[in-house]
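Visitor: got a sequence here, can you build the structure:
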Amino acid sequence: MEKVNITFLGTGNAIPTKERNHTAILVSFANENILVDCGEGTQRQFRKANLSPTKITKILLTHWHGDHILGLPGILQTLAMSNYEKTLKIYGPKGTRNFMGILKDLVRDFNIKLEIHEVSGKFLETKDFFIEAAQMSHGIPANAYAIKFKDKTRLDKSKIRKLKLPNSPLLGKLQAGQDIVFNNKKIKAKSVTYFEKGKKLTFILDTGINENAVKLAKDSDLLITESTFSSKEKAQAREYLHLTASDAATIAKRSKSKKLVLTHISQRYEHNIKPIEKEAKKIFKNTIIVKDLDSITV
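Guide: Model prediction:
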């Protein structure tokens, strides 16, 4: 399977710090560059990561709180000034069309094409992947997202070369599971192909604990969640509808995810992240905490 690269452009929460910018995550694979949220300063984070915002193909917005969307006017203006020629597709929860109308009024000489979609459930599908949204609990309309790469039947290139099969429609038949005849010899599809299970990435940002999070994250290869509080601030987490590190780890464990990535880190842990990490690992061992400009490939 083609590799998927996830770049954490911002890993802080509502108040940025010297080390952590507002939330933004870039998911890159094939011809796609999907931005999950776009906090203030995101376009500068692109520059620091040596990435170009003009390559963005889609934006997934989890909700319309400032620390997740205030980078949009800057990104849109940069694209407009850079002669962005694609149609930028923006997906978000209920209210996204109205809010995007307001933001467009802030951008001078706006001349790029937009498609705005308010989404829930499975809302985008190609031959290689699909994206699903699930409603979260955050006091306002809020989504989490899962990107699922489809299972594939792959050709074993070494066996294809050994059989001296030409690059022709015959290969397509084999990949589709059909046996073929080549040079008067029958070649069984199962003898030259193998099964490749698709990967799943799930993004759960601002939310209170809820069952939809567990359902959406089921069998994720990589589960990326907010971790705004530790269990010592559980009462605050419940009041403000956020997750503790224990909550995040519990979602990972119950969903049978393979790896948990914690982000959206509060400024209170700026100088000591260990309590959050220790708390999560007690429940779900394969946990890491990311910092700005970290990159993970799956």
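
Visitor: mind giving me the domain ranges of the chain?
Guide: According to automatic domain parsing, the chain is divided into the following domains: 5-151+198-297, 153-194.

Visitor: which of these sits most buried?
Guide: Across the domains of the chain, averaging neighbours per residue (mean count of other Cβ atoms under 10 Å) puts domain 5-151+198-297 on top, at a mean of 19. Every C-beta, even on glycine, is put in place using the N, C-alpha and C of the backbone.

Visitor: now the terminal residues of that domain, how far apart.
Guide: 4 Å (Cα to Cα, to the nearest Å).

Visitor: what about it, distance to the chain center?
Guide: Distance of domain 5-151+198-297 from its chain centroid, counting by Cα atoms, centre = their mean, to the nearest Å, is 6 Å.

Visitor: worst average pLDDT in the domains of the chain?
Guide: Lowest mean pLDDT within those: domain 153-194, a mean of 85.

Visitor: start and end of it, how far apart?
Guide: End-to-end for domain 153-194, by Cα to Cα: 6 Å.

Visitor: again with stretch 181-189
Guide: 11 Å.

Visitor: how about residue 22, nearest residue that isn't a chain neighbour?
Guide: Leaving aside its sequence neighbours, residue 22 sits nearest to residue 39 (Cβ to Cβ, 6 or more residues apart in numbering; 2.4 Å).

Visitor: wait, doesn't that neighbour sit right on residue 68?
Guide: Yes - in this structure residue 39 lies within contact range of residue 68 using Cβ atoms under 8 Å: 5.6 Å.

Visitor: common neighbours of these two, please.
Guide: Taking Cβ atoms under 8 Å, 6 or more residues apart in numbering as the contact rule, residue 39 and residue 68 both touch 22, 23.

Visitor: please enumerate the helices of the protein.
Guide: Here the chain has its helices, by DSSP state H, at 42-48, 66-69, 72-81, 96-104, 157-162, 169-175, 189-192, 211-217, 234-240, 245-254, 274-283.

Visitor: I'd like the distance between residue 248 and residue 231.
Guide: Using Cβ to Cβ, to the nearest Å, residue 248 is found at 11 Å from residue 231.

Visitor: correction: the previous question concerned residue 243.
Guide: 11 Å.

Visitor: what's the answer for residue 114, then?
Guide: The spacing between residue 114 and residue 231, counted by Cβ to Cβ, is 42 Å.

Visitor: likewise for residue 270?
Guide: Residue 270 is 19 Å from residue 231, by Cβ to Cβ.

Visitor: likewise for residue 8?
Guide: Taking Cβ to Cβ as the measure, residue 8 falls 24 Å from residue 231.

Visitor: go on, residue 99?
Guide: Distance from residue 99 to residue 231, counting by Cβ to Cβ: 34 Å.

Visitor: how about residue 26?
Guide: Residue 26 is 31 Å from residue 231, by Cβ to Cβ.

Visitor: what does residue 33 give?
Guide: Shown here: residue 33 relative to residue 231, a distance of 36 Å by Cβ to Cβ.

Visitor: spit out the contact partners of residue 18.
Guide: Contacts of residue 18 by Cβ under 8 Å, 6+ apart are residue 270.

Visitor: how about the contacts made by residue 97?
Guide: 116, 118.

Visitor: and if you look at the one 4 residues further on?
Guide: By Cβ under 8 Å, 6+ apart, no residues touch residue 101.

Visitor: need the outlier residue of this structure, farthest from its centre.
Guide: Relative to the centre of the chain, the most outlying C-alpha is that of residue 184, 48.2 Å out, by Cα atoms, centre = their mean.

Visitor: for that one, grab phi and psi.
Guide: phi 60, psi 20 (degrees, to the nearest 10).

Visitor: that one and residue 86, how far apart?
Guide: Relative to residue 86, and taking Cβ to Cβ, residue 184 is found at 49 Å.

Visitor: ok, residue 138 next?
Guide: In terms of Cβ to Cβ, residue 138 sits 30 Å off from residue 86.

Visitor: same check, this time on residue 102
Guide: For residue 102, the distance to residue 86 (Cβ to Cβ) stands at 23 Å.

Visitor: and stretch 263-271, end to end?
Guide: 15 Å.

Visitor: contacts for it?
Guide: Applying Cβ under 8 Å, 6+ apart, the external contacts of stretch 263-271 come out as 8, 11-13, 15, 17-20, 23, 25, 205-206, 224-230, 273, 275-276, 289-290.
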